[in-house]
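Asker: with the input below, show me the fold.
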Amino acid sequence: AAGGADVIAGEKGANQTGSYSSTYFGREAAELSQLPMPSQGITGNYSKEHKFKTGASYSGQWIGNQRDGFGTMRWPDGAEFRGQWRANSASGKGQFKHSDNSVYIGEWKDNIAHGYGIYKHKDGTTYGGCLAEDLQDGQGVESWPDKSKFVGQFSRGKKNGYGMYSWPDQSCYAGQWRMNQIDGIGSYTG
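Answerer: The predicted structure is shown next:
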């Protein structure tokens with residue numbers, strides 16, 4: 001279908017809604033804010049593993065009492081973030097594997113998918129392109145298991161601007177989109 005869905009903020013399980021930052025990265029925030037500074041007088045980057053009261057664990061680099069550098073955070077349901085951290089936030093490049101095996105590989109800023117990335121949903125839907133605040137935003141390519149494909153512009157998770165949508169029967173529309181709907185000048189070939 002031409003409507004598509006928010007790839008990053010889409011289906012995350014029956015009980016979960018919102019971005020990864022609200023459903024995962026914020027869970028240990030209270031405990032992280034109360035971690036003491038290392039007693040050894042460590043001032044630089046060091047590695048250690050920490051088990052959280054939530055059952056999650058982090059193995060990687062720290063500066064003082066904050067995750068900083070490369071590390072892996074694992075949650076009890078099987079979700080995992082492996083990548084760069086800065087001041088306790090996923091920032092830089094990293095891979096988030098959701099508990100349902102959906103995967104986002106790309107750039108992060110303050111625990112949010114932001115920059116360029118590739119998202120592969122468990123149902124076979126993929127998105128590669130620009131993201132802002134966990135949503136498709138900018139130039140990107142979205143494709144579905146039925147061989148439908150959209151190449152074009154997105155805004156806040158919706159097809160918006162110029163884009164070309166092709167269906168499995170080889171028909172296609174190239175033209176203007178607004179809020180996931182064909183809207184404006186364009187041409188249909190079928």
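
Asker: Arg74 versus Gly157, what's the distance?
Answerer: 28 Å (CB to CB, to the nearest Å). To be clear about C-beta, it is placed using only N, CA and C from the backbone, and glycine gets the same treatment.

Asker: these two: who's more crowded?
Answerer: Taking other CB atoms under 10 Å, Gly157 and Arg74 do not tie; Gly157 has more neighbours (22 against 17).

Asker: quick one, phi psi at Lys158?
Answerer: Torsion angles at Lys158 (phi, psi; degrees, to the nearest 10) stand at phi -120, psi 150.

Asker: and the closest residue to it other than its chain neighbours, how close does it get to Gly163?
Answerer: Spatially, and ignoring its direct neighbours in sequence, Lys158 is nearest to Asn180 (4.7 Å; CB to CB, 6 or more residues apart in numbering). Going from Asn180 to Gly163 by CB to CB gives 10 Å.

Asker: settle it for me: which of the two has more neighbours?
Answerer: Neighbour totals were compared for Asn180 and Gly163, and Gly163 leads with 23 against 18 (other CB under 10 Å).

Asker: list phi and psi for Gln176.
Answerer: Dihedral angles for Gln176 - degrees, to the nearest 10 - are phi -80, psi 140.

Asker: that should have said Ser33, apologies.
Answerer: Given degrees, to the nearest 10, the pair of backbone angles that Ser33 has is phi -70, psi -20.

Asker: give me the number of neighbouring residues for it.
Answerer: Around Ser33 there are 10 residues (other CB under 10 Å).

Asker: tell me the spacing between it and Gln66.
Answerer: Using CB to CB, Ser33 is found at 10 Å from Gln66.

Asker: doesn't Phe150 make contact with Ala174?
Answerer: No: with contact defined as CB atoms under 8 Å, Ala174 does not count as touching Phe150 (10.7 Å).

Asker: Glu31 is in what secondary structure piece?
Answerer: Counting by DSSP states H and E, the element that carries Glu31 is helix 29-33.

Asker: now that helix - C-alpha only, CSV.
Answerer: The C-alpha trace of helix 29-33 is given here as CSV (Å, rounded to 0.1, in the frame of the first residue of the first chain):
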residue,chain,number,x,y,z
ALA,A,29,18.2,6.6,34.0
ALA,A,30,17.4,6.8,37.7
GLU,A,31,20.0,4.2,38.6
LEU,A,32,22.6,5.8,36.3
SER,A,33,22.1,9.2,38.0
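
Asker: each with direction, which strands does the helix or strand just after it pair with?
Answerer: With elements assigned by DSSP H and E, the helix or strand that comes after helix 29-33 is strand 45-51. Sheet partners assigned to strand 45-51 using DSSP bridges are listed as strand 57-63 (antiparallel).

Asker: next structured bit after the strand it pairs with?
Answerer: Where DSSP H and E defines the elements, the next helix or strand beyond strand 57-63 is strand 66-74.
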